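Undergrad: let me see the structure of the following:
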Amino acid sequence: MHLLSSSCVGSLVLVLATLLCRVSCTETVVGLYGETLEIPCNKGAVNGETAIITQWKYLIGNEIKGELLSKPKNEKVSINANDEYKGRIDMAANFSLLLTDAKLTDQRTFTCAVVEGKDINHYYVNVVVYKAPEGVEISDKAEELEFGKLTKLATCVARDANPAAKIIWLKNNKPLSDDGKGISIQTSEQLDPVTKLSTTTTSTLEYSAKKEDKDALFSCSSQHTVGKQMTSSPLTFPITYPTEQLILQVIAQEPLVEGDNVTLKCVADGNPAPSSFNFHLKGNVVTVNNTNIYTLTDVSRDTTGEYKCSLIDNSSMVSSKEVTVNYLDINLSPTGRVVKKVGEALDLTFQSNSSGASKVSWTKDKVKLLKEPKFHKLTYSDSGHYECEVTMRSLIKKLSFKLLVEGAPVIKQLSKHRGEDGQHKVLICEAEGSPKPSVSWSINSTSLHESPFVGGKVTHKITVVPTLNLTVLCTVSNKFGEDTREISVSPLYEGRRLEREQSEDGDQTKLVVGVVVGLLIVAMVIGLAYGIYQKKSKQGSWKTGERENGSSEEEKKLEEKVEENSQKAEV
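TA: From the prediction side, this is the model:
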């Protein structure tokens, strides 16, 4: 059995203490790549008054070897580094180590030794350098994706990062995750052989495409402890899949009418799409190559029917469409300029034929009629421009005729009336006929007005100042004949004399009647007085005894007087 000397035991204890301190007393400082690191000594608690010397070194393996710098008390800093740290280090006022332009190789353990009296204290600082990736890029991009088949889409790489960057795949800016079926993501990290630090992260995406992915945007992004998230440029991929459906499209203006062109277009959902097709044209099959359209020109109503298109290599893949050619036929008799005699009949016939429901409307001189005109016995007012319009949806057709009813003129009315000022008379001659009749009068006159010639009618007015009784003739004529009517016109002054005579006769009549009535009233009064007198006379003879002879004579005279007055009254 060997016994250790006291000196050996002391040395062993010192080594063990040092190892325990490295484990339990190590501090960690995190710095960013390319920036300046401040590595504190004893967490910045070094006492400059008691520290005789402060020295910085770093570990190589498990040994303290690399000398960096030292500072004796009351002296300047002495830099001893001759390696990668030369020109990059300095000491702060609090004895911290200042390290500029931090590199990934700086990720190691640094030690600070402080001599205070007879004691030497060692402080260990573990430095970690974080570095964001330089960027992300996509490589090994697939040319196309096959529908329903798991295919390698691309590889995303994030380089020079510490710690390793995390890569996320995106579709339309939404994260994708490995589901073990249609999405598979494989990620790996590559370590630097010298520093043993992560430098590159690689992620490969395998994807089973769907038809709706033909316009999808695929990208990848990197996430790191430091720095902003970086995203690659988006990518699109053609999706290949077999044709599962055909659609026959009919391209034509609406409505499709006779004489138009119509294009048939066969659309397949396959990718790549088929380039050749069969068109089935009402019993005939036409094959087209390097196109998917076929045009029917100058169509007619016979073009109406069912049309189909199909794949050349798969006749069971077919699509059909009904093509309808609209048509509208109208026939009107007569048309153009129609001349008829008044009183005749006009046989008007109208027919229409269309591919759908139609609407018929009539106008005369641009005024809408309620129904189709009928002409059993023509009148001058029937003259005009007639138009028939037939509509079927947006399809419109029109036909027209201009009717002219002609005949000898006829005076419908000849009348007169006194002018408003009472100094003249107005004669009015109203006539019908076509062409427009000319109007003439048998006397010289002043024309007041001639109405417009509308509906075969014309009205002519003249003013006259007659001094004698007149018979005035109105004559209307055109190339078919003439008509004449007369009217009696009395002088204006004779009319006024008759009025005065009538007024005087009336006054005389009133005077005679007044005289007769007055005489009758006088006779009645005299008769009444005579009766009273006789009555009194008789009463007096009874009372006074006067002689009756005298009374009789007086009574006789009174009767004669009454009779005389009565005769005067009758005259």
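Undergrad: what comes up buried for stretch 80-91?
TA: 81, 85, 88-89, 91 (16 or more other CB atoms under 10 Å). Any C-beta I mention is one placed from the backbone N, CA and C, and that applies to glycine too.
Undergrad: and which of those residues is nearest residue 348?
TA: When those are compared for distance to residue 348 (CB to CB), residue 88 wins out at 113.5 Å.
Undergrad: can I get the CA coordinates of the strand or helix carrying residue 415 in CSV?
TA: Here residue 415, judged by DSSP states H and E, is contained in strand 395-418. Provided in CSV are the C-alpha atoms of strand 395-418 (Å, rounded to 0.1, in the frame of the first residue of the first chain):
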residue,chain,number,x,y,z
LEU,A,395,-85.3,39.1,-84.1
ILE,A,396,-87.3,41.8,-85.9
LYS,A,397,-88.8,42.0,-89.4
LYS,A,398,-90.9,44.8,-91.0
LEU,A,399,-93.0,45.2,-94.1
SER,A,400,-95.1,48.2,-95.2
PHE,A,401,-97.4,49.7,-97.8
LYS,A,402,-98.5,53.3,-98.6
LEU,A,403,-102.2,53.5,-99.3
LEU,A,404,-103.6,56.4,-101.4
VAL,A,405,-107.4,56.6,-101.7
GLU,A,406,-108.5,58.8,-104.7
GLY,A,407,-111.8,60.0,-106.0
ALA,A,408,-113.9,63.0,-107.2
PRO,A,409,-114.4,65.7,-104.5
VAL,A,410,-117.7,66.0,-102.6
ILE,A,411,-118.8,69.1,-100.6
LYS,A,412,-119.8,67.7,-97.2
GLN,A,413,-121.1,71.0,-95.8
LEU,A,414,-121.6,74.7,-96.9
SER,A,415,-122.4,77.1,-94.0
LYS,A,416,-122.4,80.8,-93.0
HIS,A,417,-122.2,82.8,-89.9
ARG,A,418,-121.8,86.5,-88.9
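Undergrad: what pairs with it, parallel or antiparallel?
TA: Strand 395-418 has its sheet partners listed here by DSSP bridges as strand 336-341 (parallel), strand 384-392 (antiparallel), strand 425-434 (antiparallel).
Undergrad: so what touches the first one?
TA: What that stands for is strand 336-341. Residues outside strand 336-341 that contact it (CB atoms under 8 Å, 6 or more residues apart in numbering) are 346, 375, 378, 401-407.
Undergrad: and what of the second one?
TA: Counting by CB under 8 Å, 6+ apart, the neighbours of strand 384-392 from elsewhere in the structure are 326, 328, 330, 332, 350, 352, 354-366, 372-373, 396-403.
Undergrad: keep only those of those residues that are in helices.
TA: Using DSSP state H, no member of those falls within helices.
Undergrad: where does the protein dip in pLDDT?
TA: For the chain, the stretches with pLDDT under 70 are 1-25, 446-447, 493-519, 522-523, 525-527, 529-571.
Undergrad: show me which of the contacts of strand 384-392 are buried.
TA: Neighbour-count burial (16+ other CB under 10 Å) is assigned, among those, to 326, 328, 330, 332, 352, 354-355, 358, 362-363, 399, 401-403.
Undergrad: now tabulate these in TSV and tack on distance to residue 218.
TA: Below are the buried ones among the contacts of strand 384-392 laid out as TSV (distance: CB to CB, whole Å):
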residue	distance to residue 218
326	50
328	56
330	63
332	69
352	63
354	57
355	53
358	58
362	68
363	67
399	66
401	73
402	75
403	78
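Undergrad: buried residues in the helix or strand encompassing residue 187, which are they?
TA: If you go by DSSP H and E, residue 187 is part of strand 183-191. The neighbour-count check on strand 183-191 (16+ other CB under 10 Å) flags 183-185 as buried.
Undergrad: for residue 284, state which of these is nearest.
TA: Checking these against residue 284 with CB to CB, the nearest one is residue 183 at 50.0 Å.
Undergrad: what subset of the contacts of strand 336-341 is buried?
TA: Neighbour counting with 16+ other CB under 10 Å marks 346, 375, 378, 401-403, 405-407 as buried within the contacts of strand 336-341.
Undergrad: and the two most separated of those?
TA: Longest distance between any two of the buried ones among the contacts of strand 336-341 is 19.0 Å, between 401 and 407; criterion CB to CB.
Undergrad: mind giving me the packing neighbours of the helix or strand following the strand holding residue 187?
TA: Sequence-wise, the next helix or strand downstream of strand 183-191 (DSSP H and E) is strand 198-208. Applying 3 or more CB pairs under 8 Å, 6 or more residues apart in numbering; DSSP states H and E, one finds that strand 198-208 makes contact with strand 150-159, strand 166-171, strand 183-191, strand 218-223.
Undergrad: try 7 Å this time
TA: Counting contacts by 3 or more CB pairs under 7 Å, 6 or more residues apart in numbering; DSSP states H and E, strand 198-208 packs against strand 150-159, strand 166-171, strand 183-191.
Undergrad: and the second one, what's buried?
TA: The one in question is strand 166-171. Neighbour-count burial for strand 166-171 [16+ other CB under 10 Å]: 166-171.
Undergrad: now the angle between strand 150-159 and it, please.
TA: Counting by axes from the mean of the first three to the mean of the last three CA atoms, to 10 degrees, strand 166-171 points 140 degrees away from the direction of strand 150-159.
Undergrad: could you please name the strands strand 166-171 pairs with and the direction of each pair?
TA: For strand 166-171, the paired strands and their directions (DSSP bridges) are strand 174-175 (antiparallel), strand 218-223 (antiparallel).
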